[in-house]
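Asker: Got a predicted model here, sequence first, then my questions.
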Number of protein chains: 2
Amino acid sequence: MNKEEYFIKQFTSNKIIGDDGAFIDGFVYSMDAFFENVHFKKEWMSLSQIAYKSMIVNISDAIVMNAKPKFALLSVAIPKSYTNQDLKELSKGFKKAAKEFGIKIIGGDTISNAKLDISVTIISTTSNPIYRKGMKKGELLCYTGTLGLCKRDLERLFKNKEISKKSKFIKPILNADFFYEVAPFITTSMDISDGLFFELERLSKANKLGFEFFHDIDEEIGTSGEEYEILFSFDEKNLDKIKKIALKHKVKLNIFAKAVKGKYKTDCKNHHF
Amino acid sequence: MNKEEYFIKQFTSNKIIGDDGAFIDGFVYSMDAFFENVHFKKEWMSLSQIAYKSMIVNISDAIVMNAKPKFALLSVAIPKSYTNQDLKELSKGFKKAAKEFGIKIIGGDTISNAKLDISVTIISTTSNPIYRKGMKKGELLCYTGTLGLCKRDLERLFKNKEISKKSKFIKPILNADFFYEVAPFITTSMDISDGLFFELERLSKANKLGFEFFHDIDEEIGTSGEEYEILFSFDEKNLDKIKKIALKHKVKLNIFAKAVKGKYKTDCKNHHF
């Protein structure tokens, strides 16, 4: 068990913990940290891009629970050296993401710190939350889009190489409209933030089921984190409906496994400390 | 204008920002950071005390808006060096505060970081929020308890001197029951986190009023931060009711000024960056 898991375990008398967000009475509450030298290096992105991504990774949690983000709170720790122009850039990124998803920034906290450390809380609403738990034997497993590029781009950044301005690592793409439409036809879902293999481990644990893979998945694909693509499961009878909705929204589907009796564990190393 | 104010100003097309928490449809949402080497040094307090105080300073925001805290989200950045015993200690402090105020910890994020940096979001409910704005000319200004000890204790800590185990700097005392009972009889309120003089400046700005002081207030008292006593204003006609409630809850009242036409500004230096 890694330290994150150990710490979270101290609170798990509480059944609400375990999904991308906590669903209570029609609301979903989610909170994610986005820290300098943990999630990004400042050389990699502009301040506006950093603020934007810090919002997007949080909005992603709401979307994969089929919730519409409404409000955001920001805790922003800012280096003393930042100029007013820097602060303006930073706020631009927050406001851009907020505008894109119809979110109101309602408060938070701003402090002085050695580095730029952001935590975002998103308050969302839903009448039909989708959890990680609830998968049945025989269901199909699917992820959206293309995986692997974020790992490759991250490796390039670590080697001080250029990456495409359109890299998903800089600007994740959330398939919100696709997901809201497909939600009634799926059973479980979560976003791919730590890599497909690690998310599958979580899904296996939550549902006490294993997976029968239809083909091998490369480590380059399965361990690529920060993709913010969606991993979900569904009953085969909904396959055609889901395909049709994906086509409409131009979302690529990768149906790669079936839920079976057993347990899934990856041999690949987890990024976590 | 300091940097914190400049950054917040980027978002103030939004009328909700400006109070200890944001009130929306019966809920109050508040979020505060509690960072190592910004709000505390780890030599000063046990991990359990740090976690406890990080919750209390957030719960304080809910109370002074007359809201009952219900749920908490925690963003906790933890040094790699921490042992499982350390993590247990840390979780103990969070759970202690949660239990004391009937709060459920519903989620958040845990990451690895160079130092212990905590952000807490509290979700509260109220049918009668009290804001910073709404003070009328002639109202009386009051703060609870005794101010000055936190500044003194903080100075001792900086000189590596011992402080009392019961210091409010380590364990702030929130007068929740007093405040909920007195709330119907007061007009504006906020907690004293940065020092009385600085809170008065904010109150003056929010209400476009100044203050006529009944007596001089020492700098040692007016600039003592992290007190988490309550600053509030009320119509003189409610004085007896308020005094009676304070007596019942053994809360000391300091009625020190009257709201008048004008503007209040302190000459003292603000702690903020």
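Answerer: Now that the structure is in, tell me what you want to look at. The structure displayed is predicted, hence computed values, not measured ones.
Asker: And stretch A:158-172, what's buried?
Answerer: By neighbour count, and taking 16 or more other Cβ atoms under 10 Å in any protein chain shown as the criterion, the buried residues in stretch A:158-172 are A:I163, A:S167, A:K168, A:F169, A:I170, A:P172. Just so you know, the C-beta spots here come from the backbone N, C-alpha and C atoms, and that holds for glycine as well.
Asker: Rounded mean pLDDT for that stretch, please.
Answerer: Across stretch A:158-172, pLDDT averages out at 91.
Asker: now swap in stretch A:69-87 and tell me
Answerer: 95.
Asker: Check stretch A:184-197 too.
Answerer: 96.
Asker: Over to stretch A:241-260?
Answerer: 98.
Asker: cool, and stretch A:134-153?
Answerer: 95.
Asker: In a markdown table: the buried residues of stretch A:158-172, plus secondary structure and distance to chain B.
Answerer: Compiled in a markdown table, these are given as follows (DSSP: H, G, I helix; E, B strand; the rest coil; distance: Cβ to the nearest Cβ, whole Å):
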| residue | secondary structure | distance to chain B |
| --- | --- | --- |
| A:I163 | coil | 23 |
| A:S167 | coil | 22 |
| A:K168 | coil | 21 |
| A:F169 | coil | 18 |
| A:I170 | coil | 20 |
| A:P172 | coil | 17 |
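Asker: Dump the residues you listed into TSV; add distance to B:K237 as well.
Answerer: TSV is the format used below for the buried residues of stretch A:158-172 (distance: Cβ to Cβ, whole Å):
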residue	distance to B:K237
A:I163	67
A:S167	64
A:K168	62
A:F169	62
A:I170	60
A:P172	57
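Asker: Would you agree A:S119 falls within a strand?
Answerer: Yes. Per DSSP: H, G, I helix; E, B strand; the rest coil, A:S119 lies within a strand segment.
Asker: List the beta-bridge partners for it.
Answerer: A:A33, A:S75 (DSSP bridges).
Asker: Could you check how far it is from A:V76?
Answerer: 8 Å (Cβ to Cβ, to the nearest Å).
Asker: Have a look at these two and say which one is more surrounded.
Answerer: Counted by other Cβ atoms under 10 Å in any protein chain shown, A:S119 and A:V76 do not tie: A:S119 has more neighbours, with 33 against 26.
Asker: I'd say the more buried one and A:D32 touch.
Answerer: Yes. Contact between A:S119 and A:D32 holds when scored by Cβ atoms under 8 Å: they sit 7.2 Å apart.
Asker: Please enumerate the shared neighbours of the two.
Answerer: Applying Cβ atoms under 8 Å, 6 or more residues apart in numbering or on different chains, one finds that A:S119 and A:D32 are jointly contacted by B:S75, B:D109.
Asker: I'd like to check the angle between the helix or strand hosting A:L73 and strand B:68-79, please.
Answerer: Per DSSP states H and E, A:L73 falls inside strand A:68-79. Orientation check (axes from the mean of the first three to the mean of the last three Cα atoms, to 10 degrees): strand A:68-79 against strand B:68-79 gives 50 degrees.
Asker: what packs against strand A:68-79?
Answerer: helix A:47-63, helix A:84-100, strand A:104-113, strand A:117-125, helix B:3-9, strand B:22-24, strand B:27-35, strand B:117-125 (3 or more Cβ pairs under 8 Å, 6 or more residues apart in numbering or on different chains; DSSP states H and E).
Asker: 6 Å instead, please
Answerer: Applying 3 or more Cβ pairs under 6 Å, 6 or more residues apart in numbering or on different chains; DSSP states H and E, we find strand A:68-79 packed against strand A:104-113, strand A:117-125, strand B:27-35.
Asker: from the chain's centre, how far out does the second one sit?
Answerer: On the basis of Cα atoms, centre = their mean, to the nearest Å, the separation between the geometric centre of strand A:117-125 and that of its chain is 13 Å.
Asker: Next SSE downstream of that strand?
Answerer: Immediately after strand A:117-125, counting by DSSP H and E, sits strand A:140-144.
Asker: Note down every partner strand of that following strand and its orientation.
Answerer: strand A:230-234 (antiparallel), strand A:253-260 (antiparallel).
Asker: As TSV, those strands with distance to A:S124 would be great.
Answerer: Output for these, formatted as TSV (distance: least, Cβ to Cβ, whole Å):
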stretch	distance to A:S124
strand A:230-234	16
strand A:253-260	24
